[in-house]
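1. when you get a sec, could you give me coordinates for this:
(4 chains)
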Number of protein chains: 2
Amino acid sequence: MAKTAIPDAPEGKAQTPAFSPLYQQIKQLILGSLQQGEWQPGEAIPSELELAARFKVSQGTVRKAIDELAAENLVVRRQGRGTFVATHAEQHTQYRFLRLVPDSGSLDSEGPAQRDIVACKRMRAAGDVAQALALRAGEPVLQITRLLTFQGVPTILEDLWLPATPFKGLTAERLADYHGPMYAMFEAEFGVRMVRASEQIRAVVAHDEQAQLLAVSTGSPLLSVERTAYTYNDIPMEWRRGLYRTDTHHYHNELS
Amino acid sequence: MAKTAIPDAPEGKAQTPAFSPLYQQIKQLILGSLQQGEWQPGEAIPSELELAARFKVSQGTVRKAIDELAAENLVVRRQGRGTFVATHAEQHTQYRFLRLVPDSGSLDSEGPAQRDIVACKRMRAAGDVAQALALRAGEPVLQITRLLTFQGVPTILEDLWLPATPFKGLTAERLADYHGPMYAMFEAEFGVRMVRASEQIRAVVAHDEQAQLLAVSTGSPLLSVERTAYTYNDIPMEWRRGLYRTDTHHYHNELS
DNA sequence: GAGTGGTCTAGACCACGCG
DNA sequence: GCGTGGTCTAGACCACTCA
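-> Numbers count the residues shown, from 1 in each chain, chains lettered A, B, ... in the order given. Prediction:
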């Protein structure tokens, strides 16, 4: 490992040389190992001293690289124990990407959600789906429709689209049989790890079918939440559109 | 300054001594100076070496304290120039707390918003307002109603409530005369700096008056965005409820 | 007690902005 | 050329976890 910052690969027409510091290079190397699956979700990665020795840099430099990975929630530090690959399969990260909370209390206090798979079918990607998933229109995708019910109240109705290839073999049965968050299943069964997502939120009114499934009247206001979820390297691997009832829950967001 | 981590003040019934590291103590001292107004928004704070000398710690310790303040957006680092107190009065932080973006393009590309003050009156806090602002019911507050229009389309209708005391002398005229974000005015004219906010989002339908002001039909779906904004030390200083049209814009949120 | 992450230091050098 | 923040190192010690 070079001891000083080296210029980025001079591909394209980089106008500025754009130096990248050593710890950024280390970060990319660790990211590569995460991506290659060298360490599984929930497992510990090597200690800072080990990594420092492997890359021939000081512990401080590795530390700064890991600090950034931890800030991006790709990795979790636990003092006295080690640094672990982030996973969706743990209690306190159950609903990592779900911002809907009850008007009083917390999602945890409501107990586990009831998950009903309404449909799961293979189809060809329409224009909007293809664009969101960075596919060509017509490429095969899986569409899943499901309903989440909290404390007996149907609250979220959502459609998900997944690229068919990485999720080969996914069926309604396998979805129904798996107990735990869907993203945890994607990790365990298909090796697909969602690390980041982007949401677009709008207010809409319920259509007939939607209203029926959510047990509200047609024309009721609903929150439309469109989410694109990404794996490493900003590759989109899921697009979903959720309709949220907001008469008992609300979407919570912290700004700073 | 103590050279080693010291126990927190043993007030209450702290079960664990709870040590706080030196850099956290430094962070609190700097926070105190920010709060006391030792440095104004937009101004540079002393250099890391100066602060290190003042507090009798190493530059690295000061650095870590400032790193956290920068992560919380209380302060902005600029290489080669210094570290500056965050402000709402700058171009690229114009709409720091506004997550509404046009379906295509960006808020910047839409040019400046038209701001119309619909009303501004002094009143006594109702229960919900008092609770949000941590006041007693009946204490005096200011209520402002305004309409934001982007490219000719009225898009946001919002009511704001402010505690009357810190905002003594605020009138509809002063609001209309000030050009720039409202939070910038609060900073410049009243010394109130919003550093953090929390939002609750729901889908609602437009009532008659609201529909008229937003130029949509009664019963149209709207995003209801309730925001509590805080100054230093988590003191709430504003509560607002906005109604957003989401036919041309959407609420954008990044998850990780 | 061994091993891990977390803190703190001191000093060297680099990249950047500005006069 | 100077001062600023940014990087990198090496080493000491602390706090936490677990066997």
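2. what are the boundaries of the strands in the stretch 151-256 of chain A?
-> Along the stretch 151-256 of chain A, counting by DSSP state E, counting those that start in this stretch, strands occupy A:153-163, A:196-205, A:221-230, A:236-244, A:249-255.
3. for DNA strand D, which of the ones you listed is the nearest?
-> The minimum distance between DNA strand D and the strands of the stretch 151-256 of chain A falls on strand A:196-205, with 21.5 Å, by C-beta to the nearest atom of the strand. C-beta here means a position set from N, CA and C on the backbone, and glycine is covered the same way.
4. quick one on the thing from earlier: now the strands of the stretch 151-256 of chain A as JSON lines including mean neighbour count?
-> Converted to JSON lines, those look like this (neighbours: other C-beta atoms under 10 Å in any protein chain shown):
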{"stretch": "strand A:153-163", "mean neighbour count": "21"}
{"stretch": "strand A:196-205", "mean neighbour count": "20"}
{"stretch": "strand A:221-230", "mean neighbour count": "21"}
{"stretch": "strand A:236-244", "mean neighbour count": "22"}
{"stretch": "strand A:249-255", "mean neighbour count": "18"}
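5. same list, the ones you listed, but as JSON lines with distance to A:E72 and mean pLDDT please.
-> Rendered in JSON lines, the data for these read as follows (distance: least, C-beta to C-beta, whole Å; pLDDT from 0 to 100):
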{"stretch": "strand A:153-163", "distance to A:E72": "23", "mean pLDDT": "98"}
{"stretch": "strand A:196-205", "distance to A:E72": "8", "mean pLDDT": "98"}
{"stretch": "strand A:221-230", "distance to A:E72": "12", "mean pLDDT": "98"}
{"stretch": "strand A:236-244", "distance to A:E72": "17", "mean pLDDT": "98"}
{"stretch": "strand A:249-255", "distance to A:E72": "17", "mean pLDDT": "98"}
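6. can you redo these as a markdown table with distance to DNA strand D?
-> Putting the strands of the stretch 151-256 of chain A into a markdown table (distance: least, C-beta to the nearest atom of the strand, whole Å) gives the following:
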| stretch | distance to DNA strand D |
| --- | --- |
| strand A:153-163 | 35 |
| strand A:196-205 | 21 |
| strand A:221-230 | 24 |
| strand A:236-244 | 29 |
| strand A:249-255 | 23 |
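7. how about A:V76, nearest residue that isn't a chain neighbour?
-> A:F84 (4.9 Å; C-beta to C-beta, 6 or more residues apart in numbering or on different chains).
8. let's see stretch A:147-164 as CSV, backbone CA atoms only.
-> Once side chains and other backbone atoms are set aside, the C-alpha atoms of stretch A:147-164 remain, and they are given as CSV (Å, rounded to 0.1, in the frame of the first residue of the first chain):
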residue,chain,number,x,y,z
LEU,A,147,-50.2,-6.4,3.1
LEU,A,148,-48.8,-5.5,6.5
THR,A,149,-51.2,-5.5,9.5
PHE,A,150,-50.3,-3.9,12.8
GLN,A,151,-52.5,-4.9,15.8
GLY,A,152,-55.3,-6.1,13.6
VAL,A,153,-55.3,-2.9,11.5
PRO,A,154,-54.2,-3.4,7.8
THR,A,155,-51.8,-0.5,7.4
ILE,A,156,-49.4,-0.9,4.5
LEU,A,157,-50.2,-2.3,1.1
GLU,A,158,-47.2,-2.5,-1.1
ASP,A,159,-46.0,-3.7,-4.5
LEU,A,160,-42.3,-4.7,-4.9
TRP,A,161,-40.4,-5.3,-8.1
LEU,A,162,-37.2,-7.3,-8.1
PRO,A,163,-34.9,-8.2,-11.0
ALA,A,164,-35.6,-11.8,-11.7
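9. does any bit of it sit next to chain B?
-> No - where contact is defined by C-beta under 8 Å from any C-beta of the partner chain, no part of stretch A:147-164 touches chain B; the two come within 12.6 Å at best.
10. same thing with stretch A:27-46?
-> No - taking C-beta under 8 Å from any C-beta as the criterion, stretch A:27-46 and chain B are apart, separated by no less than 14.4 Å.
11. now do the end-to-end distance for that stretch.
-> End-to-end span of stretch A:27-46 (C-alpha to C-alpha, to the nearest Å): 14 Å.
12. contact partners of it?
-> Among residues not part of stretch A:27-46, those counted as contacts by C-beta atoms under 8 Å, 6 or more residues apart in numbering or on different chains are A:51, A:54-55, A:65-66, A:68-69, A:74-75, A:81-90, A:187, A:191, A:193, A:232-233.
13. that older thread, the residue nearest to A:V76 pairs with what?
-> A:A44, A:V76 (DSSP bridges).
14. A:N73 is in contact with that one, correct?
-> No - distance between A:F84 and A:N73: 11.7 Å, which falls outside the contact criterion (C-beta atoms under 8 Å).
15. okay, those two: which has more neighbours?
-> Set side by side, A:F84 and A:N73 show unequal neighbour counts under other C-beta atoms under 10 Å in any protein chain shown, the larger going to A:F84 at 17 against 14.
16. so what's that one up against?
-> If you count contacts by C-beta under 8 Å, 6+ apart, A:F84 has them with A:42-45, A:75-78.
17. redo that, cut-off 7 Å
-> For A:F84, the contacting residues are A:42-44, A:75-76, A:78, taking C-beta atoms under 7 Å, 6 or more residues apart in numbering or on different chains as the criterion.
18. distance of it from A:A70?
-> Distance, A:F84 to A:A70, using C-beta to C-beta, to the nearest Å: 10 Å.
19. which bits of the stretch 51-200 of chain A sit near DNA strand D?
-> A:57-61, A:64, A:78-81 (C-beta under 7 Å from any atom of the strand).
20. so how many other residues sit close to A:I235?
-> By the criterion of other C-beta under 10 Å, A:I235 has 14 neighbours.
21. quick one on the thing from earlier: could you list which of the contacts of A:F84 also contact DNA strand C?
-> A:44, A:78.
22. just the buried members of the contacts of A:F84?
-> With neighbours counted by 16 or more other C-beta atoms under 10 Å in any protein chain shown, the contacts of A:F84 contain buried members at A:42, A:75-76.
23. would you list those residues in CSV and tack on pLDDT and distance to A:C120?
-> Formatted as CSV, the buried ones among the contacts of A:F84 follow (pLDDT from 0 to 100; distance: C-beta to C-beta, whole Å):
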residue, pLDDT, distance to A:C120
A:G42, 95, 27
A:V75, 98, 32
A:V76, 97, 32
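24. A:L170: which of these is nearest?
-> When the buried ones among the contacts of A:F84 are compared for distance to A:L170 (C-beta to C-beta), A:G42 wins out at 21.5 Å.
25. next one: that closest one from A:N233, what distance?
-> Between A:G42 and A:N233 the distance, using C-beta to C-beta, works out to 21 Å.
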